[in-house]
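Trainee: everything below, folded, please.
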Amino acid sequence: MNNKKFKSIRNNAYAVKTIWSISKSRVLHTAANTAGGYVAWIFYSIFFVRYLINAIMNEASFGTIMLFVGICFAVFCAKSLYDSYYKSYVLPLTDNKVYRKLYEKLYAKARNVELRCYENAEFYSRYTMALENSAEKMTTSVRCFFAIVFGIAAEVVAFTSIYLIDPLAVLFVAFPVFGNLVIGSKLSKIFNARYAENVKPTRAVGYVNRVIHLSEFAKEVRCSNIFEVMMNRYENAVKEICVTFDKYGRKAVALSTLHSFLSYTVVFEGIMLYAAYRAIVSQTLSLAELAIMFSAMVPCSWILIGLSDNIRDALANAKYLQYFRGFMEYKESIPEDSDGESPDISVSSIEFRNVSFEYNEDEKIIDNLSFTITANQIVAFVGHNGAGKTTIMKLLFRLYDPTSGEILVNGINIKRYNLKAYRNLFAAAFQDYKIMSMSVSENILMGDCGDNRTDERTVEESLKRAGIFDKVQKLPSGIDTILTKEFDEDGAVLSGGEIQKIIVARAFAKNSPVKVFDEPSSALDPIAEYELYRNIMEQSDRHDITFFISHRLSTVKDADIVFMLENGAVAEVGTHSELMSQNGVYCKMYTMQAQNYLAVENAEEVAAV
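Mentor: Residues are numbered from 1 along each chain as shown. Take a look at the predicted model:
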């Protein structure tokens, strides 16, 4: 057995084992229903007909025949009742359970893999294929497994029945075997290759579909020419899909025609003509034997066709199951559920020791970075876009691990900590923030809930500290107002600056000793920006560590220490005054931005008057 076939068997066995762990009743009922179907088919097509013909020829009494028919009818009714129960009750009920549990596993795994995986196009494609109809493919594997097992047993019985009448007649059975196993497997390879080549353009089509109909892109679509660009991308992706279909189309049509001819036409027409010739021309087959052969030929042929179809489907399905299995068995480099030491609830020091990091080879983002931060400090990382400011925070949060060097919190390498407990040390207002289509309160608490009264006080206090409480109070349902209109027509649509303040409130709401504000004012005008930073400075607990990340130097004048970054390394370090006195990179950048700060200073003077 070659490696591919062995892998296919293992993948299908993995599917059966997975479904068994979720719903034993689904597996057992599928086995019973499949076995019952084959038993009924063989019995009524071969043994039932044989009994009636023999009974009539042996002049059995009418009562004896009717008793047999009546018992068979009762069994048939019971089988039909069970079939209805299986299709109408068992399948929907277990489908729901299987789908729910499988996707829970997938989502849990998706949350557990490191962030780098989502930035890897190949990995993300495999993840997409793992998600696509995975539950249906799993249950199909269970169905195919029992169809193959019981189909083989049923075929042996049907095959034997024909062989006992005429050994030569069984030669016709070879045609569907060849048609399904040989031609059918070639068709499966074509379909698999076509599917794999269409993954990327299909994703592109899906992306355009989302962009065109989602409200968050509506303004850009209507106020620019991006619609034409997107339609270009859409048309190119569709053309690519069509090219792929055309690439495999002629061969698929030819093989499909040959497959149909060998699997159906030759078997049914061939065996009927052969049996008719023996009964009518050569008169070597009795009419009773002819009737039994015709009756046995139907299940023998269809079971064989179904058997080879199920084998082909199982082999084809195994390819898709490989994506699911590969994704589920992927070994994370930074598993979200990794255990370790429990960190102290306070942070006394953060140290980067000779840390370097690169997303890809030869693309170094952080270069041999070393610094130490102690408690009670407000720290700023500043520099041009791409200097590595946000990447430093991703490393600190352990969303990535350094390529070299180490990061220590309270003198311990962060890799030794329980990851979830370690991340709870940090509260962040991220630069690439996301607002959920949930209430204001849920967007701030982000699942960190206690009792309702405490949660309400936490949310309100955080909104006040972020300077957005008055605005939220005016919303239709206050802090319970749903943000965005995706699921609620009465949902609130806030401005970019207001949303940023919600994100800042999210950071304030979390009781963590380290707070990170990553470009939290990029959507604000200079005056609003100044007020937001002043609120953050005033509200920052002096027992905590507060990080500011900004390329606007006016926002960090009051920081205890400022790191000026260039190309992933510290170019200058000191207080604002110290850096200005050095007349270096920081001073030059600050001076160039100074015109933007005059508006703030003038506003302060007016306010003072």
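
Trainee: from here on, just use CA atoms for contacts and neighbour counts.
Mentor: Fine.

Trainee: what ranges do the strands span in the stretch 1-150 of the chain?
Mentor: Assigned by DSSP state E, counting those that start in this stretch, the strands in the stretch 1-150 of the chain number zero.

Trainee: how far away is the residue nearest to Thr575 when sequence neighbours are not counted from Gln322?
Mentor: Spatially, and ignoring its direct neighbours in sequence, Thr575 is nearest to Ile561 (4.9 Å; CA to CA, 6 or more residues apart in numbering). Distance check for Ile561 against Gln322: by CA to CA, to the nearest Å, it reads 52 Å.

Trainee: can you check Ser45 too?
Mentor: From Ser45 to Gln322 the distance is 39 Å (CA to CA).

Trainee: same question for Arg416.
Mentor: 33 Å.

Trainee: please identify which of those two sits among more neighbours.
Mentor: For the pair Arg416 and Gln322, the greater number of neighbours falls to Gln322 (21 against 15), based on other CA atoms under 10 Å.

Trainee: longest helix in the chain, please.
Mentor: helix 287-328 (DSSP state H).

Trainee: that one - what's its average pLDDT?
Mentor: Averaging pLDDT along helix 287-328 gives 79.

Trainee: what about it, distance to the chain center?
Mentor: Computed by CA atoms, centre = their mean, to the nearest Å, the chain-centroid distance of helix 287-328 equals 31 Å.

Trainee: which strands or helices does that helix pack on?
Mentor: helix 3-22, helix 24-42, helix 48-57, helix 121-131, helix 134-165, helix 174-177, helix 184-213, helix 266-276 (3 or more CA pairs under 8 Å, 6 or more residues apart in numbering; DSSP states H and E).

Trainee: between it and helix 121-131, how many degrees?
Mentor: 140 degrees (axes from the mean of the first three to the mean of the last three CA atoms, to 10 degrees).

Trainee: what's in contact with the helix or strand just after helix 287-328?
Mentor: Downstream of helix 287-328, the next assigned helix or strand under DSSP states H and E is strand 349-360. For strand 349-360, the external contacting residues (CA atoms under 8 Å, 6 or more residues apart in numbering) are 364-375, 401-411.

Trainee: pLDDT score for Ala594?
Mentor: 69.

Trainee: and if you look at Val253?
Mentor: For Val253, the predicted pLDDT is 87.

Trainee: three-state assignment of it?
Mentor: The three-state label given to Val253 by DSSP: H, G, I helix; E, B strand; the rest coil is helix.

Trainee: give the burial count for it, as a bare number.
Mentor: Neighbours of Val253 (other CA under 10 Å): 12.

Trainee: distance check, the residue lying closest to Phe294 once chain neighbours are set aside against Met293.
Mentor: Once flanking residues are discounted, Phe294 sits nearest to Met272: 7.1 Å by CA to CA, 6+ apart. Distance from Met272 to Met293, counting by CA to CA: 9 Å.

Trainee: show me which of the two is the more surrounded one.
Mentor: A count of neighbours by other CA under 10 Å puts Met293 above the other of Met272 and Met293, at 27 against 16.

Trainee: who are the neighbours in contact with that one?
Mentor: 161-162, 165, 275.

Trainee: okay if I get those as CSV plus neighbour count and pLDDT?
Mentor: Shown next, in CSV, are those (neighbours: other CA atoms under 10 Å; pLDDT from 0 to 100):
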residue, neighbour count, pLDDT
Ser161, 20, 81
Ile162, 22, 78
Ile165, 15, 80
Ala275, 22, 76
